[in-house]
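**Q** 3D model of this:
(2 chains)
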Protein chains: 2
Amino acid sequence: MTKPPMRDALVAAAFQLFLERGYEQTTVDDIVALAGVGRRSFFRYFPAKEDVVFPDHERCLADMTAHLAASAEDADPVGRVCDAARMVLLMYAENPAFSVQRYRLTKKVPGLRASELSVVWRYQRALAAYLRGRFADRPDGTLQADVIAAAVVAAHNNALRSWLRSDGQGDATTAVDHALDLVKATFGTPPTPLDRDEPGPGPGPGSESESASEDVVIVVSRRGVPMWRVVQEIESALTTRPQN
Amino acid sequence: MTKPPMRDALVAAAFQLFLERGYEQTTVDDIVALAGVGRRSFFRYFPAKEDVVFPDHERCLADMTAHLAASAEDADPVGRVCDAARMVLLMYAENPAFSVQRYRLTKKVPGLRASELSVVWRYQRALAAYLRGRFADRPDGTLQADVIAAAVVAAHNNALRSWLRSDGQGDATTAVDHALDLVKATFGTPPTPLDRDEPGPGPGPGSESESASEDVVIVVSRRGVPMWRVVQEIESALTTRPQN
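**A** Numbering: from 1, shown residues only, chains lettered A, B, ... in the order given. Below you'll find the model as predicted:
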């Protein structure tokens, strides 16, 4: 167990009071009194009252940063940031009842919304920092990095918030995967390159251009078709196994 | 003149003090004393001290919302939100020295960073709300709306912040246009549909499919090419006038 029970007890006491009497009307003294511990114990775990609302974001941010830092040099960068974003979902999905409670509270208390925006921004910056490194040689590399990081966070949060609004019913993972697949289809390399299970041995080093004839995709489109649709068309062509 | 001089005087006095003695060390009393007005005058214009730092965002948000609400029903939605984002740039570019000063101040004061995140989030929501309306009939319409709004804001802010970091040197408009063009190339319809100056009269109502043969674009690509490159290729094909 990595979480000490006293920390859990403080979070539980805080949420009980937030729901009973409101966030603003609850003091740290109230929380420690209900949890049966002293003020110093509270501040050992949380810098301030608002931090008890998001007790696991610091750990999640650290895990995400470590995950990105451990990426292979040739890993698909968009795939990596999508995987990193899924770590946030897992944190929420670990405890659906708590996540839904917190979502309702955050919507009602402006100070908590500000804290949430700040933590979302820190996630987004962590993803962007990794992508900036990977795109260092590209023209517009920092621009692409920032745009993709924002798109990943927006897609993740769209699916996460739908799930929270539905009181944590249904399968959050499927919804988030669908949202992130859309981002990958827009910005990334094909999401399922390993599905192409070749009949013979794959192309060896140096042979890529010679053996790549089946890897040519022809898309016929029409001016004025939204780029989303064109991308989906290409994506679907790219993920379909070529018919030999 | 829409801005009363007293409001300008309060902003000027506030920034003079923020720079001289720091944001936290400056009170509203200090600001009104320097500006030579009473406290009530301050609070007639600004709800709180932090609002004097971003004096024009409320007007800009209102202008942006009005701009989006006035969109033609058949306007290119991604183009409209890019235009809306440019209104924020214009606000910054109106007064480069003030914008650069504020950027430096905002970076140093955590409370102001939180305020800024909150205002950025309100812009992003305004763009997303418009797109959600336009995409109401699409599958994944809210997801696409949220992702595009986030991408537009990230692209705009990437260019804006580069300009602010360079002390407001150079042409902010060109940088922001370039960044937004990249978003349009990814998500939008062709950026320059009016450039296609047809030799004869344009297609009349109902004749679209008959006259559309020159509007077919064929893209040949290779599996594994990043979607960005494919999109740029298509985009460049779409904006080149067809050779008859």
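
**Q** Would you map the strands across chain A?
**A** In chain A, the strands defined using DSSP state E lie at A:216-222.

**Q** Could you break it into its assigned domains?
**A** A:1-48, A:53-187, A:213-244 (automatic domain parsing).

**Q** how about JSON lines for the ones you listed, with mean pLDDT, mean neighbour count and distance to B:H67 added?
**A** Yep, even glycine has a C-beta here, placed from its N, CA and C like the rest. Shown next, in JSON lines, are the domains of chain A (pLDDT from 0 to 100; neighbours: other C-beta atoms under 10 Å in any protein chain shown; distance: least, C-beta to C-beta, whole Å):
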{"stretch": "domain A:1-48", "mean pLDDT": "89", "mean neighbour count": "15", "distance to B:H67": "36"}
{"stretch": "domain A:53-187", "mean pLDDT": "94", "mean neighbour count": "18", "distance to B:H67": "22"}
{"stretch": "domain A:213-244", "mean pLDDT": "56", "mean neighbour count": "15", "distance to B:H67": "21"}
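
**Q** In CSV: the ones you listed, plus distance to B:S99.
**A** Compiled in CSV, the domains of chain A are given as follows (distance: least, C-beta to C-beta, whole Å):
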stretch, distance to B:S99
domain A:1-48, 31
domain A:53-187, 19
domain A:213-244, 32
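
**Q** Of all these, which one comes closest to B:G170?
**A** Of all the domains of chain A, domain A:53-187 sits nearest to B:G170, with 15.3 Å by C-beta to C-beta.

**Q** Is the closest one positioned near chain B?
**A** Yes: using C-beta under 8 Å from any C-beta of the partner chain, domain A:53-187 reaches chain B at A:113-114, A:117-118, A:121, A:140, A:142-144, A:146-147, A:149-151, A:153-155, A:157-159, A:178-179, A:182-183, A:185-187.

**Q** quick one: contacts for the closest residue to A:H178 other than its chain neighbours?
**A** Spatially, and ignoring its direct neighbours in sequence, A:H178 is nearest to A:A159 (7.0 Å; C-beta to C-beta, 6 or more residues apart in numbering or on different chains). Counting by C-beta atoms under 8 Å, 6 or more residues apart in numbering or on different chains, A:A159 touches A:89, A:172, A:175-176, A:178-179, B:143.

**Q** Which ones among these lie within helices?
**A** Within the contacts of A:A159, residues falling in helices by DSSP state H are A:89, A:172, A:175-176, A:178-179, B:143.

**Q** As CSV, those residues with distance to B:D30 would be great.
**A** Converted to CSV, the ones in helices among the contacts of A:A159 look like this (distance: C-beta to C-beta, whole Å):
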residue, distance to B:D30
A:L89, 47
A:A172, 50
A:A175, 51
A:V176, 49
A:H178, 53
A:A179, 48
B:L143, 48
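
**Q** and which of those residues is nearest to B:V37?
**A** Within the ones in helices among the contacts of A:A159, proximity to B:V37 (C-beta to C-beta) peaks at B:L143, which comes in at 48.9 Å.

**Q** how close does the residue nearest to that closest one when sequence neighbours are not counted get to B:M91?
**A** Once flanking residues are discounted, B:L143 sits nearest to A:N158: 4.9 Å by C-beta to C-beta, 6+ apart. Distance, A:N158 to B:M91, using C-beta to C-beta, to the nearest Å: 28 Å.

**Q** before we move on, what about A:R39?
**A** For A:R39, the distance to B:M91 - C-beta to C-beta - is 45 Å.

**Q** who are the neighbours in contact with the residue nearest to B:L143?
**A** A:179, B:142-143, B:146-147.

**Q** go on, A:Y45?
**A** By C-beta under 8 Å, 6+ apart, the contact list for A:Y45 reads A:4, A:6-7, A:10, A:52, A:55.

**Q** out of the residues you listed, who's nearest chain B?
**A** A:V52 (18.0 Å; C-beta to the nearest C-beta).

**Q** How about A:A175: what's its closest non-neighbour residue?
**A** Computed as C-beta to C-beta, 6+ apart, the closest residue to A:A175 that is not its neighbour in sequence is A:A159, at 4.1 Å.

**Q** same deal with A:D167?
**A** Computed as C-beta to C-beta, 6+ apart, the closest residue to A:D167 that is not its neighbour in sequence is A:V100, at 5.4 Å.

**Q** ok, that neighbour touching A:R161?
**A** No: at 11.1 Å, A:V100 does not count as touching A:R161 under the criterion of C-beta atoms under 8 Å.

**Q** Skip the chain neighbours and tell me the closest residue to the residue positioned nearest the centre of chain A.
**A** By C-alpha atoms, centre = their mean, chain A has its centre lying nearest to A:A85, at 1.9 Å. Closest residue to A:A85 in three dimensions, ignoring its sequence neighbours and counting by C-beta to C-beta, 6+ apart: A:H156, at 4.4 Å.

**Q** From what I see, A:I148 and A:G79 are in contact.
**A** No: using C-beta under 8 Å, A:I148 is not in contact with A:G79; the gap is 11.2 Å.

**Q** which residue sits closest to A:A128, ignoring its sequence neighbours?
**A** A:A128's closest residue in space is A:A149 (C-beta to C-beta, 6+ apart), at 3.7 Å.

**Q** what about the one you found, distance to A:Y123?
**A** Distance of A:A149 to A:Y123, computed by C-beta to C-beta: 9 Å.

**Q** again, but for A:P139
**A** Counting by C-beta to C-beta - A:P139 and A:Y123 are separated by 26 Å.

**Q** what about the helices in chain A?
**A** According to DSSP H, the helices that chain A contains are A:5-21, A:28-35, A:39-45, A:57-69, A:77-94, A:96-108, A:110-134, A:141-165, A:172-187, A:227-239.

**Q** The ones you listed: which one's closest to B:D167?
**A** Of all these, helix A:141-165 sits nearest to B:D167, with 18.4 Å by C-beta to C-beta.

**Q** what about stretch A:14-32, distance to the chain center?
**A** 29 Å (C-alpha atoms, centre = their mean, to the nearest Å).

**Q** List the contacts of it.
**A** The list of residues contacting stretch A:14-32 from outside it, by C-beta under 8 Å, 6+ apart, reads A:10, A:13, A:34, A:38-39, A:41-43, A:49, A:52-53, A:98, A:101-102, A:105, A:108-109, A:111-112.
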